[in-house]
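1. Kindly generate the corresponding structure for this input.
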Amino acid sequence: MSVFGVSASEEDIYRHFLRNPDTPADDIHLRLHIEPDTARLCLDRLHELGLLHPTGTDGLISPTDPEVALARLVDVRLHALHQELQRVTRSRHVVDGLRAELGARSPSPQGIEQLEGLTEIRDRIDDLAFFARDEILSVEPYSKLSPENIERSRPLDLRCLRRGVRIRSVVLRKVLEHGPTANYLRELVSHGAMIRVVEDTTERILVYDHAAALVPLDPQITSRGALLAHKSGIVANIIALFEKIWDEAEDLTQADSADGGDVGSGLSEIEQRVLLLMCSVGKDEAGARELGVSVRTYRRYVADLMEMLGAASRAQAALLARERGWI
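-> Here you go, the predicted structure:
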């Protein structure tokens, strides 16, 4: 259990009470051959983690069900890792300081570059997003995103937003008809992105910090390559085109409301209830009873929600749902 931040002595004590529930802790240090002070500290931490709890007022102790206990530990660990990730991604000043060391020896790129193939385009987009400081503008006429595209884009977009980079994006209104894509865009909005929708557009535009603009050679077949412009005049014209499209577009939140969508999460009432039950009950049987459905149906709802959230575990699903403001 060390992967969850539980020490060997704490695990030994927890396992002891799994074997001997409703027993006192007075002699636990003698039974496990550890120092009394160590035993007392371990007991306090196990109580704090919710792995042990008192039974009545007679000093007896019982262990928390292992499934519930591990779910709590996973949740705590994921929360700690998420906070650590936020601290790391907010350390933009370190990158800025290192880049400043280059000084005049690293001049800004000039002119127009031609990028060949999707791999080179994606690599350059990753670099541009990583070093963006102020604003990213985009017009992307897709009607839906694949799960792979969403999972690839999410960490890049959220990282930029956490660093304070402003994101303004225009997409087709048709994306609201595709649940996973619409939910992903709502997630970005909940983190501060500004997204608008238009009925129709064929433009594909990406602009980084008003200094670099990426456009495809063929808007219909992006795999043919792209042009990356650094010249101020060309970039300014592309930005002007973006602003024209932006001004004519409708805010995603307003479009969502007009279409009767749930701006907060995009979940149905029953999906919202399942999500709350996932976070409040320990066993599927209890959740199914509360919902009034079979355990098999309940588990199918849980699996669908985990897929929608892109979560590998229920604890991670709960963390992501809280992060997105769904619960």
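2. Can you measure across stretch 197-205, start residue to end residue?
-> 14 Å (CA to CA, to the nearest Å).
3. Give me the contact list for that stretch.
-> 137-141, 170-173, 175-176, 213-216, 219-220, 222, 238, 241-242, 245, 248-252, 255 (CB atoms under 8 Å, 6 or more residues apart in numbering). C-beta here means a position set from N, CA and C on the backbone, and glycine is covered the same way.
4. can you check stretch 7-20 too?
-> Taking CB under 8 Å, 6+ apart as the rule, stretch 7-20 contacts 1-2, 6, 23, 28, 31-32, 34, 38-39, 42-43, 45-46, 51-52, 61-63, 66, 69.
5. And stretch 74-86, what's buried?
-> Residues of stretch 74-86 classed as buried: 74, 75, 76, 77, 78 (neighbour count, 16 or more other CB atoms under 10 Å).
6. For the last one, which residues are in contact?
-> Taking CB under 8 Å, 6+ apart as the definition of contact, the neighbours of residue 78 are 315, 316, 319.
7. cool, and the second one?
-> By CB under 8 Å, 6+ apart, the residues touching residue 75 are 315, 318, 319.
8. Please identify the helix or strand for the second one.
-> Spelled out, it's residue 318. Taking DSSP states H and E as the definition, one finds residue 318 inside helix 314-323.
9. what is the mean pLDDT for that helix?
-> Over the span of helix 314-323, the pLDDT mean works out to 77.
10. Tell me the one of the buried residues of stretch 74-86 nearest residue 133?
-> Using CB to CB, residue 78 comes nearest to residue 133 of the buried residues of stretch 74-86, at 29.3 Å.
11. moving C-terminal of the worst-scoring helix or strand of the chain on mean pLDDT, what's the next helix or strand?
-> Across the helices and strands of the chain, mean pLDDT, DSSP states H and E gives its lowest value to helix 92-102, namely a mean of 59. Downstream of helix 92-102, the first helix or strand assigned by DSSP H and E is strand 112-115.
12. Show me which residues of the helix or strand following that next one are buried.
-> Downstream of strand 112-115, the first helix or strand assigned by DSSP H and E is helix 117-131. Neighbour counts over helix 117-131 (16+ other CB under 10 Å) mark 121, 124, 125, 128, 129 as buried.
13. Could you list which residues are in contact with the nearest residue to the fourth one once chain neighbours are set aside?
-> The shortest distance from residue 128 to any non-neighbouring residue, by CB to CB, 6 or more residues apart in numbering, is to residue 208 (4.5 Å). In this structure, residue 208 makes contact with 128, 129, 131, 132, 135, 136, 214, judged by CB under 8 Å, 6+ apart.
14. can you do 10 Å?
-> Neighbour list for residue 208: 125, 127-129, 131-138, 160, 165, 214, 228, 235 [criterion: CB atoms under 10 Å, 6 or more residues apart in numbering].
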